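S.K.: Have a look at this prediction, sequence included:
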Amino acid sequence: MIFLKKKQIPLNHFFPEGFVDIHSHLLPGIDDGAKNIDQSLALILEMRSNGIKNFITTPHVLGDVYPNSSTTIQTKLKEVKQALISKGISDVSLKAAAEYMLDEQFTELLEKDDILTLKDNFILVEMSYFNAPFNIYDLLFEIQLKGYKPILAHPERYNFYHHDINHYYNLKKAGCLFQLNLLSLTEHYGKGVQKTSEKLLKENLYDFVGTDTHHQHHLTILKKIGTKKNLKNIEHLLLNNTKLL
């Protein structure tokens, strides 16, 4: 037991100074993340205690399920930032983008250039967990034609790609960057996802990481990633978040 503890790294020593979490659901009441402002603050403050002080939070933009607009997101962002100020929290940087489902509504937003970027021209996108869009490569082309750079959220969670790693290589060749969910390093999403994340890491296919925090349970599980092995495997990605975003 003592030997195992020596391999554990507290999260506030795991994340490098200036680390930016580019994937989370911290704005209150607009998706399946924080339900109210109190939950938003509780999540942010716990993540702050874990060494994460910079956030580009990414509420879902998903058809009629989460029909968030840029205005809705920015309004909620202002609400949380004001709450942080009222609590005297001045060392947290909070910005907002979105996690865009690659669907018809996204195509309409893309045509209107109504897109919230992570930074510069980077945008976070996702697919259905059931199947990829039939026109996935056309969509990736259109995104880049518009001048944006797509970052695919949690590619390891798309089970329909698990049987053939060539799907991932094809997406990368099509100009898609990959963001690893840190919880995928545990069995939280299942052993298949964990195994695929390890394979994609070994193949050096990831570009960035994110916590994808929705609620308190995610932060409880997040503590499990603090091992020397994980740090060795993803340190370059943690630094990518710091340097590039």
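M.R.: Arrived safely, thanks for sending.
S.K.: quick one, strands of the protein?
M.R.: For the chain, the strands defined by DSSP state E occupy 20-21, 54-57, 60-61, 93-96, 99-101, 122-126, 149-153, 177-181, 208-210.
S.K.: wouldn't Tyr168 be in contact with Tyr206 here?
M.R.: No. Using CB atoms under 8 Å, Tyr168 makes no contact with Tyr206, being 9.9 Å away. For the C-beta atoms, the positions are set from N, CA and C on the backbone; glycine is no exception.
S.K.: So for the two, which residues contact both of them?
M.R.: 178, 200 (CB atoms under 8 Å, 6 or more residues apart in numbering).
S.K.: what's near enough to touch the nearest residue to Leu109 once chain neighbours are set aside?
M.R.: Once flanking residues are discounted, Leu109 sits nearest to Ile115: 6.0 Å by CB to CB, 6 or more residues apart in numbering. By CB under 8 Å, 6+ apart, the contact list for Ile115 reads 70, 98, 100, 109, 123, 148.
S.K.: what's across from the residue lying closest to Ser128 once chain neighbours are set aside in the sheet?
M.R.: Leaving out its chain neighbours, the residue that sits closest to Ser128 by CB to CB, 6+ apart is Met101, at 7.4 Å. Listed by DSSP bridges, the beta-bridge partners for Met101 are Glu126.
S.K.: separation between Met101 and Gln216?
M.R.: Counting by CB to CB, to the nearest Å, the separation of Met101 from Gln216 is 25 Å.
S.K.: about what we covered before: columns distance to Gln8 on top of the strands of the chain, output as JSON lines?
M.R.: Listed next are those as JSON lines, based on distance: least, CB to CB, whole Å:
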{"stretch": "strand 20-21", "distance to Gln8": "21"}
{"stretch": "strand 54-57", "distance to Gln8": "24"}
{"stretch": "strand 60-61", "distance to Gln8": "33"}
{"stretch": "strand 93-96", "distance to Gln8": "28"}
{"stretch": "strand 99-101", "distance to Gln8": "30"}
{"stretch": "strand 122-126", "distance to Gln8": "30"}
{"stretch": "strand 149-153", "distance to Gln8": "28"}
{"stretch": "strand 177-181", "distance to Gln8": "20"}
{"stretch": "strand 208-210", "distance to Gln8": "19"}
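S.K.: And the contacts of Ile115, which of them are buried?
M.R.: 98, 100, 109, 123, 148 (16 or more other CB atoms under 10 Å).
S.K.: How about the contacts made by the residue nearest to Ser128?
M.R.: Met101 is in contact with 60-63, 125-128, counting by CB under 8 Å, 6+ apart.
S.K.: For Asn50, see how far away Asp21 is.
M.R.: 10 Å.
S.K.: And those two? Which one has more around it.
M.R.: Higher neighbour count among Asp21 and Asn50: Asp21, with 23 against 19, using other CB atoms under 10 Å.
S.K.: Show me what that one is bridged to.
M.R.: For Asp21, the beta-bridge partners are Phe55 (DSSP bridges).
S.K.: Was I right to think it contacts Ile56?
M.R.: Yes. Counting by CB under 8 Å, Asp21 does reach Ile56; the two are 7.3 Å apart.
S.K.: looking at the strands of the chain, which is closest to Ala34?
M.R.: Ala34 lies closest, by CB to CB, to one member of the strands of the chain: strand 54-57, at 9.2 Å.
S.K.: Mind giving me the packing neighbours of that closest one?
M.R.: For strand 54-57, the packing partners by 3 or more CB pairs under 8 Å, 6 or more residues apart in numbering; DSSP states H and E come out as strand 20-21, strand 93-96.
S.K.: And for Thr227, the neighbour number?
M.R.: Number of residues near Thr227 (other CB under 10 Å) recorded here: 15.
S.K.: can you pull the pLDDT of Leu244?
M.R.: Leu244 carries a pLDDT score of 77 in this model.
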